[in-house]
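Enquirer: Predicted structure and sequence below. I'll ask about it afterward.
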Amino acid sequence: MKKHLASLSVLLLLACSQGPVAEKAATVANRTVQEVVITEGEPMASADLTIGGMSCQMMCGNMIKGALAKVPGVTEAEVVFHDGDAAGHAKVTYDPAKVDDAQLVETVQALADGQYTVSAIAITKQVKQSQPSASAKTGKSDATASLMPEARMPNLVAMLMALVRI
């Protein structure tokens, strides 16, 4: 009888104990990568993170900028947020040999008990070309970077929300 009671107690204890909680993975809904060929210098990367959960530039923006600047391998971090926008943007320049974009996303999402979420990330990686290509000898350009200027589109949801509040 005591054996059954002891085994039942152990079974009950194991069934009721909590195992380790799975870490929330830093997943991003929209991730784009663009490569730019360079012939000189060290290859760097830049990322434009779309961050939700921000309410102001002063507190939220500076907290995110400071956290990203402390990540080893990040050379520059800038956060842009305009009042009324649903999301802000963090533009980060980093060394891809020391840090990857997943670490940047984890850094942002770990702030303020998970208040900030990264919904999209656009990465531009520089790829070093060791030998000049045949097209470089002939004078033809095979640049992969887009020369389109960055245009800011109006946030229709924020505009409609502002109209509803009136």
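Expert: Nice, thanks for sending it over.

Enquirer: and residue 155, how many neighbours?
Expert: Residue 155 has 15 neighbours, counted by other CB atoms under 10 Å. Yep, even glycine has a C-beta here, placed from its N, CA and C like the rest.

Enquirer: Not counting residues beside it along the chain, what's closest to it?
Expert: residue 85 (5.3 Å; CB to CB, 6 or more residues apart in numbering).

Enquirer: My understanding was that the one you found contacts residue 157; is that so?
Expert: No: applying CB atoms under 8 Å as the test, residue 85 and residue 157 come out as separate, 9.5 Å apart.

Enquirer: Shouldn't the residue nearest to residue 155 be within a strand?
Expert: No: judged by DSSP: H, G, I helix; E, B strand; the rest coil, residue 85 forms no part of a strand; its state is coil.

Enquirer: Give me the phi and psi for it.
Expert: Phi and psi for residue 85, reported as degrees, to the nearest 10, are phi -80, psi 150.

Enquirer: Could you point out the helix or strand that follows the one helix or strand in the chain whose mean pLDDT sits lowest?
Expert: Of all helical and strand segments in the chain, the minimum by mean pLDDT, DSSP states H and E falls on helix 134-138, at a mean of 52. Once the chain leaves helix 134-138, the next helix or strand it forms, by DSSP states H and E, is helix 156-165.

Enquirer: Quick check: mean pLDDT of that next one?
Expert: Helix 156-165 shows a mean pLDDT of 77.

Enquirer: average model confidence for the helix or strand harbouring residue 125?
Expert: Here residue 125 sits within strand 117-128, counting by DSSP H and E. Confidence for strand 117-128, expressed as mean pLDDT, is 91.

Enquirer: what residues does that strand touch?
Expert: 26, 28-39, 41-53, 87, 96, 101, 104-105, 108-109, 145 (CB atoms under 8 Å, 6 or more residues apart in numbering).

Enquirer: Paired strands for it, with orientation please.
Expert: Strand 117-128 pairs in its sheet with strand 30-38 (parallel), strand 45-52 (antiparallel), by DSSP bridges.
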